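1. Okay, predicted coordinates and the sequence, questions at the end:
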Amino acid sequence: MNKTGRVLTFFLVLCFNSLYIIYYYLRDGYVSWMEYIGLTIMLTLAWFFGKQYDKAKYFSEKV
């Protein structure tokens, strides 16, 4: 099974959330600890959903 979905969703969430954290750091001057916890939770979910995508793609191509 290919890992394309996992890697793609992981890096997309990482990039968008990093931009979000940078924006609020520049605006407020600090980043809340909740942002770091939220980042790890979102990356875990992104990896899981990417895995589900990979499974669906694998089984749809399997004849």
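-> Happy to help now that I have it.
2. can we go C-alpha only for contacts and neighbour counts from here?
-> Will do.
3. Contacts for the helix or strand where Arg6 lies, please.
-> Using DSSP states H and E, Arg6 maps to helix 4-28. For helix 4-28, contacts defined as CA atoms under 8 Å, 6 or more residues apart in numbering pick out 30-31, 35, 39, 42-43, 46-51, 53-54.
4. Now the buried members of those.
-> In terms of neighbour count (16 or more other CA atoms under 10 Å), the buried residues within the contacts of helix 4-28 are 39, 42-43, 46-51, 53-54.
5. Show me the two of these that sit farthest apart.
-> Leu39 and Asp54 (22.2 Å; CA to CA).
6. related to what we said a few turns ago, compile the buried ones among the contacts of helix 4-28 into a markdown table and extend it with columns for secondary structure.
-> Shown next, in a markdown table, are these (DSSP: H, G, I helix; E, B strand; the rest coil):
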| residue | secondary structure |
| --- | --- |
| Leu39 | helix |
| Met42 | helix |
| Leu43 | helix |
| Ala46 | helix |
| Trp47 | helix |
| Phe48 | helix |
| Phe49 | helix |
| Gly50 | helix |
| Lys51 | helix |
| Tyr53 | helix |
| Asp54 | helix |
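7. I'd like the residues you listed as TSV, with pLDDT and distance to Ile21 appended.
-> What follows is the buried ones among the contacts of helix 4-28, written out as TSV (pLDDT from 0 to 100; distance: CA to CA, whole Å):
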residue	pLDDT	distance to Ile21
Leu39	93	9
Met42	95	13
Leu43	95	14
Ala46	95	17
Trp47	95	20
Phe48	96	22
Phe49	95	22
Gly50	95	23
Lys51	94	25
Tyr53	94	27
Asp54	94	29
